[in-house]
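Undergrad: just the structure for this:
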Amino acid sequence: MSALHMFRMEAREWLAANVPASPAPHDGPGARAFALEWQRLQHEGGWAGLSWPKEAGGRGLSITEQIVWSEEYARAHAPSPLNPLFVALNHAGPTLIACGSPEQKARHLPEILRGEAIWCQGFSEPDTGSDLASLRMRGRVEGDELVLDGQKIWSSYADIADWQELLIRTDPDARTGSALSWVICPMDAPGISVHPIRTMAGANKYCQIFYDGVRIPLSNVVGGLNNGWATAMSTLAFERGTASLGLLIALGMRIDAMLADCPPGSAWMRARLATLRAEAAAVRATAYRVALDSEDGVPDASGSIVRLSFAELAQRATAAAIDLYGVDAPQVTGSHGLGHEYLDAFSETIAGGTSEIQRNIIGERLLGLPKGPR
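TA: Purely as a prediction, here's the structure:
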């Protein structure tokens, strides 16, 4: 028996014994408590931070072992990786590992792995969307502090978060590349006001945040003052690359189950599901290749291929599920049914950069096409 097979059996056995029996709440304090407890359980079992280097508190496992874990995680129907800890584990943590100071790493990385803190993201703003170059929220330097004024929107789980990875404009006269800073913002700082936004799927998952004279220490800047563009690109590379691997595998398994449920006489639906199954296999193979290619560093722009393909596939797959089972079917109704997944999937082509942004990245950075108008 190979070492990799033994690792798979160990992961399968642990997941079978520890995956929660009840689904996670979609929002609010219940979602926070569920996510932190599940992370604490994984940490105690030795399954936290598999991809993080050992010096950062992780296990430093190979990409192949991470893929095996993702496969077994999806097979066990474990809680969705897209939960209140997603930003901490897949954005903030990896960004701090790549760009943070020793003090920042020592302060935050252990807390994330132990399941003691929730992070949210503060990138998008009203009227800017995915265009980070047009961010307007300001942070002015006063002594050894930054004073923040402005607003952010579409920040997932900001109402239950402890910290925020925040991108702000710290040099109003500089060009984009040297105008921004990536900072660690405590969500309990005076002057912060959080307003949850109810989505059409029914959850209060996203939030709008207002900052009025919020003061944070300059020591919370990650990657250097006015160097936030480079730091943010590291953050987004992780999100668009390996972070969606578990979600993609689970989606492929869902499509397989739908195909098994499809009546033999429904030729058109079976052909539709077979096409989705082939697409899922292709995207999964691409995700594996991107993950393996990025084993020694930050994922490159190839992650946008995976992010775009997964987002659009998720929307087509959940739509097919509604057509297969019917809007009143037990699989579709309820807060954890496929109907909720269908409505929630509309956000997939917006979050982490819209489909248009992803296509621009693919065209310009991978295919070498001329840049579009800015």
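
Undergrad: and stretch 61-69, what's buried?
TA: Buried residues in stretch 61-69, counted by 16 or more other Cβ atoms under 10 Å: 61, 63, 65-69. Every C-beta, even on glycine, is put in place using the N, C-alpha and C of the backbone.

Undergrad: give me every residue that touches residue 335.
TA: With contact taken as Cβ atoms under 8 Å, 6 or more residues apart in numbering, residue 335 is in contact with 26, 202.

Undergrad: what does residue 92 give?
TA: 108, 112, 119, 163, 165, 235.

Undergrad: if we can go back for a sec, for residue 272, state which of the buried residues of stretch 61-69 is nearest.
TA: Nearest to residue 272, judged by Cβ to Cβ, of those is residue 67 at 28.1 Å.

Undergrad: my guess is the closest one meets residue 245, correct?
TA: Yes: using Cβ atoms under 8 Å, residue 67 is in contact with residue 245, at 7.0 Å.

Undergrad: where do the contact lists of the two overlap?
TA: Contact with both residue 67 and residue 245 is made by residues residue 291, according to Cβ under 8 Å, 6+ apart.

Undergrad: which outside residues touch the lengthiest strand in the chain?
TA: For the chain, the longest strand by residue count, based on DSSP state E, is strand 206-217. For strand 206-217, the external contacting residues (Cβ under 8 Å, 6+ apart) are 120, 122, 126, 137, 142, 144-159, 164, 183-186, 189-197, 199.

Undergrad: and the residues you listed, which are buried?
TA: Among the contacts of strand 206-217, those that count as buried by neighbour count (16+ other Cβ under 10 Å) are 120, 122, 137, 145-148, 150-159, 164, 183-185, 192, 194, 196, 199.

Undergrad: can you show me the helices along the stretch 201-350 of the chain?
TA: Listed in chain order, the helices of the stretch 201-350 of the chain (DSSP state H, counting those that start in this stretch) span 228-240, 245-261, 267-293, 303-325, 338-344.

Undergrad: okay, now residue 249: neighbour count?
TA: Residues within reach of residue 249, counting by other Cβ atoms under 10 Å, total 21.

Undergrad: one more: residue 327?
TA: Other residues close to residue 327 by other Cβ under 10 Å number 11.

Undergrad: low pLDDT regions in this protein?
TA: Within the chain, the set of residues satisfying pLDDT under 70 comprises 129-130, 176-177, 234-243, 295-299, 374.

Undergrad: and it, what are its domains?
TA: 3-113, 119-227, 241-366 (automatic domain parsing).

Undergrad: the residue in the chain sticking out farthest from the centre and residue 143, how far apart?
TA: Relative to the centre of the chain, the most outlying C-alpha is that of residue 265, 39.1 Å out, by Cα atoms, centre = their mean. According to Cβ to Cβ, to the nearest Å, residue 265 stands 74 Å off from residue 143.

Undergrad: got it, and residue 102?
TA: 23 Å.

Undergrad: go through the contacts of residue 92 and name the one nearest residue 7.
TA: Of all the contacts of residue 92, residue 112 has the smallest distance to residue 7: 23.4 Å, by Cβ to Cβ.

Undergrad: ok, residue 204 - how many residues close by?
TA: Neighbours of residue 204 (other Cβ under 10 Å): 17.

Undergrad: just the buried positions in stretch 349-366, please.
TA: For stretch 349-366, a neighbour-count test (16+ other Cβ under 10 Å) marks 349, 351-355, 357-358, 360-362 as buried.

Undergrad: how about those, which pair is most distant?
TA: For the buried residues of stretch 349-366, the farthest-apart pair by Cβ to Cβ is 351 and 362; their separation is 17.3 Å.

Undergrad: return the distance of residue 39 relative to residue 87.
TA: Distance of residue 39 to residue 87, given as Cβ to Cβ: 13 Å.

Undergrad: just residue 224 next, same as before
TA: Residue 224 is 21 Å from residue 87, by Cβ to Cβ.

Undergrad: swap in residue 231?
TA: For residue 231, the distance to residue 87 - Cβ to Cβ - is 15 Å.

Undergrad: isn't residue 43 up against residue 112?
TA: No: between residue 43 and residue 112 there is no contact under Cβ under 8 Å: 9.7 Å.

Undergrad: ok, those two, which is more surrounded?
TA: Neighbours were counted for residue 43 and for residue 112 using other Cβ under 10 Å; residue 112 has more, 26 against 18.

Undergrad: find the nearest non-adjacent residue to that one, please.
TA: residue 88 (4.6 Å; Cβ to Cβ, 6 or more residues apart in numbering).

Undergrad: using CSV, write out the CA atom coordinates for stretch 142-153.
TA: Below are the C-alpha coordinates for stretch 142-153, written out as CSV (Å, rounded to 0.1, in the frame of the first residue of the first chain):
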residue,chain,number,x,y,z
GLU,A,142,-1.2,60.5,11.1
GLY,A,143,1.9,59.7,13.1
ASP,A,144,2.0,56.0,13.6
GLU,A,145,-1.6,55.5,12.6
LEU,A,146,-3.8,55.3,9.5
VAL,A,147,-7.1,57.1,9.6
LEU,A,148,-9.8,55.5,7.5
ASP,A,149,-12.8,57.1,5.9
GLY,A,150,-15.1,55.6,3.2
GLN,A,151,-17.2,52.5,2.6
LYS,A,152,-17.0,48.9,1.3
ILE,A,153,-19.6,46.6,0.0
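
Undergrad: what does that stretch contact?
TA: For stretch 142-153, the surrounding residues in contact (Cβ under 8 Å, 6+ apart) are 122-126, 136-141, 166, 168, 170, 181, 183, 185, 191, 197, 206-221.

Undergrad: right, I'll call it a day here.
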